[in-house]
Every structure is written in structure tokens, then in C-alpha cells.
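Q: model the structure of this input:
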Amino acid sequence: MIKRFFGLRFAGGVMIVVAVVLAVSFGASRRVVAVPNETYESLRSFADVLAMVQDNYAEPVETKTLIDNAIKGMVKGLDPHSSFMTPQEYAEMQVDTRGVFGGIGIEISMKEGVLMVVAPIDDTPASKAGLLAGDRIIKINEKYTKDMTITEAVGQMRGQKGTQVTIHIMRDSFDEPKPFTLTRDVIKVKSVKSKALEDGFGYVKITQFQENTTIDLEKALAELTPKEGQLKGLVLDLRNNPGGLLAEAVSVSNVFIDKGLIVSTKGRVAGQDMTFNADGVKHQPDYPMIVLVNSGSASASEIVAGALQDHKRAAILGTPSFGKGSVQTVMPLPDGGALRLTTSKYYTPSGRSIQAKGIEPDIIVGDVTKSHMKEKDLDGHLAAEDGSDKADKTAVKDEKPGRSVSVETGQNGEDIQLNRALEYLKSWYIFQAISRKAA
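A: The predicted structure follows:
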């Protein structure tokens, strides 16, 4: 998913968050290759058009601006997750992975050239102003967002604390777009949240995989663990987690898995085929565990869910995940910019590719008939290896993809999926006691 967090997480995709990042040295991978004649012919056409624009356009245009725009267009046409970043954009991406940045506090995605609000972050200017999941951003200040790139939107929506930005929102209940004027603030995204549930069970929510997520997770688990004994069970909430750093996804999985493969990647170039294994250190006891996912769970969160599922370490509960199974490599450029390029796909320990397919829960809780935007709905996405994304196209043609993901709630506002997970954890102990009596 093309996702960013304006004044929030520029990773997502998000960030994102690049959703999965493998930093490499661009210079180290340089090699001599034979260039086909058709490439020279195309470059000649490009040079001709460049000269025509420079000589005949109504106003002077810098050569670097023209070339940068050409590169952006070339990379944008590959898939929804590849992009060219200017030095400023690359610097912003690096800052975002630390979880502290300036802006208004909304998570967004892009669907058919329209910016969509996935969710406002709690206690931010966006949430306080009443922005809602599913809102469509029509204008930022006086500039329309139709066909605006994510990186262009970043430049429009970010700014120093105390400055203002006006975004025009359209939602189903509006007759016309409504302006929201927001005062920017410093947004601090806490990637790990936790609380004690009843009867000695714990709950941990990971909102994004960023720097120090594993450290924060270990701290949360230590605080939840009774002074004497251990947790009776854990609910790990990965719902609406757009992804983040691959290294943190592997590290988080390693907290619960003591040995074996966590994730592997396969690409066209031999150096892109990699495996990531557990370090063999026992981090957490084998207490019962349930992982919550929904169609907002993407990339790094799908790596964790897939690893825990394949290792039989946890049961997965909720609705099918987003289905972003591709890896983006960030290649720094000499001018300080970078190329973020889809270079490989990742696979769960059992060899499953979830690209355009997602993680299937062991226990379905939630309305799977609702149409939420997924990887398979994005223009130019890499196809699912089993062709399931093509088969699904006809099944959702009468629905409305692009709506944001909401947590399943009951009549009294209770979290249905979390409640069900807690019931299953309790049941494990009940059946265990019954088995002992029967024996």
C-alpha cells in the first residue's frame, strides 16, 4: 500500500513506514553491463524531448527539475511501492523511522489518485479536529490532490509546530468538500502500547515497526509479567499496523520464536536471496498466544504474523491481512537522494508468498465481506503467485474498495476481536484442566 504518515509516519508504507527497508550501498552494486540498442534509441528520444522542453517551454525550467520529474515518473510506473526520493525526502524518511516528526497526525493511503485517510492518530491535531477514517483529501491548502504523489503531499502537509495547513475533506455525509484548518504539532508515535487484561493475561499492541520497537516490546512484557510466575497468555495486536523496518519485524518474531526460519526473501539478483533465522535465545516462555490482524495489517506485521503462525507459536485471529509481500531496497544516490525499489518478495517459514493474498487467520472474527482496500486493489501491484488476486477482481466489483479499516466493535463499543481472543486464551486453560481430570 502506498502509505505515509503526515506529521506522522513517512514509513509505511508506509510507511512507510518504508514498510520493509533494506539499506544497501549503491556504489557497491555498480557493474558493467551490455546495453541493448533499443535502450540507446529510447535515450535519444528522451534527450530530444528534454531539449525541446528546454528550448520551447513557456518559462525556463532547470535541467535537474526535468530529469528528477522524469525519474519519478519512470519509477512510479513500476509498482505502488517503488519511488524516487530527493535528498529532502530521503532525510524525512530516515527521520520518520525514529517515530518523532512534525505535522498533523494522520495515516493515509492512495487509491486511484485520491488521498484517503486510513486513521487519525490519537491526541493529534487531526483527531482533535474530527477527521475520520475513510475521509478523502480533495485539496491541501489551495492545491488539488488529484494525481498528487505521496511525496508531494508530504511537502504540502508537513511544517513547523504552530503553523497551519487547511485540508479539504470529502466524506459520504458531506454534500461538498469541507475545509479543516489544522495547527501543526510535533507528533510522537509510540510503537508499543500495553495493558494487563483480567486473570493474568496481557495485551500488547504494535502500531508500527520502527527503531527500538523490540526494546519497547521487551519492556512492556517485563511490566506485564507477574513478579512471581509468568503471563498466563498474551494477545499481540497487529491490526492496522502498516509495517516498518524489516529488522524490527525479525527481531520481534525472535522474542517469541527460539529457533528456525523467520522469513526469507527471493529476488532476481542472487544477493537479494536472504534468510533470517531466530537467534536461539529463549526470550519468552511458551504461554498461549493470539495475534490479531485485519486488512490494515501489512508488510512487516504480516511477516510477524506469518512466522508465528507457521511455527505454531500463536493462533491468528481476525480477518485476512493486506497482502504486501514485496521488499523495497533503499539505494542512496550520490546527490543525497535515494531510490526505493521493489527488489524481491518475502516468504513465510513454510514458503508461503502472501503478495496480493495476505495472511489467512486461523480463527475468522469480523465481517470478511466488507470491502477494504488491499494490495490486490492497487494499480500496478505485483501479482499473487497463485493468481488469486485476479480471481478476486470479479468478486468485489460491486463493492467499494478504498474504505479504511475499523476495529470490529459491539453495540456497547467493546472490541469484539480482543474479547474473543481473551475467551480463547481462557478456554485453553479450561480444556487443559478438563484433560488432566480425565487422565
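
Q: grab the most central residue of this protein for me.
A: P242 (2.4 Å; C-alpha atoms, centre = their mean).

Q: right, and that residue touches E302 too?
A: No. Here P242 does not reach E302: they are 10.3 Å apart, not a contact under C-beta atoms under 8 Å. C-beta here means a position set from N, CA and C on the backbone, and glycine is covered the same way.

Q: give the contact list for Y287.
A: With contacts defined as C-beta atoms under 8 Å, 6 or more residues apart in numbering, Y287 is in contact with Q230, L231, K232, G233, L234.

Q: swap the cut-off to 10 Å and go again
A: G200, F201, G202, T225, Q230, L231, K232, G233, L234, F256, L425, W428 (C-beta atoms under 10 Å, 6 or more residues apart in numbering).

Q: try V165
A: 6-7, 103-104, 125, 140-141, 156-159, 180-184.

Q: out of those, which end up buried?
A: Buried members of the contacts of V165, counted by 16 or more other C-beta atoms under 10 Å: 6-7, 103-104, 125, 140, 156-159, 180, 182, 184.

Q: farthest pair within those residues?
A: Within the buried ones among the contacts of V165, R158 and F180 form the most distant pair, 16.1 Å apart (C-beta to C-beta).

Q: can you list the weak-confidence ranges in the stretch 151-300 of the chain?
A: 151 (pLDDT under 70).

Q: which stretches of it form helices?
A: 213-224, 246-256, 300-310 (DSSP state H, counting those that start in this stretch).

Q: longest strand anywhere in the chain?
A: Counting residues, the longest strand in the chain under DSSP state E turns out to be strand 338-347.

Q: partner strands of the helix or strand that comes right after it, with direction?
A: Sequence-wise, the next helix or strand downstream of strand 338-347 (DSSP states H and E) is strand 363-364. Sheet pairing of strand 363-364 (DSSP bridges) gives strand 315-318 (parallel).

Q: quick check: mean pLDDT of the strand it pairs with?
A: For strand 315-318, mean pLDDT is 98.

Q: can you list contacts of that strand?
A: Residues from elsewhere that reach strand 315-318 (C-beta under 10 Å, 6+ apart): 235-239, 288-297, 305-306, 308-309, 359-366, 368, 407-408, 417-418, 420-421, 424-425, 428.

Q: surely V49 touches I67?
A: No. V49 is beyond contact range of I67, at 11.4 Å (criterion: C-beta atoms under 10 Å).

Q: so what does the top helix by length along the chain touch, helix or strand wise?
A: Longest helix of the chain, by residue count under DSSP state H: helix 416-438. With contacts taken as 3 or more C-beta pairs under 10 Å, 6 or more residues apart in numbering; DSSP states H and E, helix 416-438 sits against strand 201-206, strand 233-237, strand 289-293, strand 315-318, strand 363-364.

Q: name the stretch among these that sits most buried.
A: strand 289-293 (a mean of 27; mean count of other C-beta atoms under 10 Å).

Q: other SSEs contacting that strand?
A: Judged by 3+ C-beta pairs under 10 Å, 6+ apart, strand 289-293 is in contact with strand 201-206, strand 233-237, helix 300-310, strand 315-318, helix 416-438.

Q: that strand vs helix 246-256, what angle?
A: Angle of strand 289-293 versus helix 246-256, following axes from the mean of the first three to the mean of the last three C-alpha atoms, to 10 degrees, is 150 degrees.

Q: so L115 makes contact with E107?
A: No. Here L115 does not reach E107: they are 11.2 Å apart, not a contact under C-beta under 10 Å.

Q: so for the two, which sits in the more crowded spot?
A: Neighbours per residue, other C-beta atoms under 10 Å: of L115 and E107, the larger number sits with E107, 30 against 25.

Q: quickly run through the sheet partners of the helix or strand hosting the more buried one, with directions.
A: Take DSSP H and E as the rule and E107 turns out to sit in strand 106-111. Looking at strand 106-111 with DSSP bridges, its partner strands are strand 3-6 (antiparallel), strand 114-120 (antiparallel).

Q: weakest of these by average pLDDT?
A: Looking at these, the bottom one is strand 3-6 with a mean of 40.

Q: so the nearest residue to T319 once chain neighbours are set aside, which of the three states?
A: What sits nearest to T319 in space, not counting adjacent residues and going by C-beta to C-beta, 6 or more residues apart in numbering, is G366, at 4.2 Å. Here G366 is recorded as coil under DSSP: H, G, I helix; E, B strand; the rest coil.

Q: quick check: G366 vs L234, distance?
A: To L234, G366 is 20 Å away according to C-beta to C-beta, to the nearest Å.

Q: A222 too?
A: Plainly put, A222 is 13 Å away from L234 if you go by C-beta to C-beta.

Q: angles on the backbone of the nearest residue to R239 once chain neighbours are set aside, please.
A: Spatial nearest neighbour of R239, chain neighbours left out: N294 (4.6 Å); criterion: C-beta to C-beta, 6+ apart. Backbone torsions of N294, given as degrees, to the nearest 10, read phi -150, psi -170.

Q: you'd agree N294 is up against G366?
A: Yes. In this structure, N294 is within contact of G366 by C-beta under 10 Å, at 6.7 Å.

Q: quick revisit: possible to save the helices of the stretch 151-300 of the chain as TSV with mean neighbour count?
A: Output for the helices of the stretch 151-300 of the chain, formatted as TSV (neighbours: other C-beta atoms under 10 Å):
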stretch	mean neighbour count
helix 213-224	17
helix 246-256	23
helix 300-310	29
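
Q: compare the ones you listed and give me the one nearest G336.
A: Using C-beta to C-beta, the nearest of the helices of the stretch 151-300 of the chain to G336 is helix 246-256, at 23.1 Å.

Q: on that earlier part again, state the distance from the residue nearest to R239 to F322.
A: Counting by C-beta to C-beta, the gap from N294 to F322 is 9 Å.

Q: likewise for S127?
A: 23 Å.

Q: more neighbours: which of these two?
A: Ranked by neighbour count (other C-beta under 10 Å), S127 and F322 place F322 first, with 35 against 16.

Q: now do the same contact list for the more buried one.
A: Here F322 is in contact with 1, 3, 19, 109, 240-243, 293-299, 301-302, 354, 356-359, 372-378, 405 (C-beta under 10 Å, 6+ apart).

Q: and if you look at G336?
A: Here G336 is in contact with M85, T86, P87, Q88, Y90, A91 (C-beta under 10 Å, 6+ apart).

Q: could you look up the SS state of it?
A: On the basis of three-state DSSP, G336 is classed as coil.
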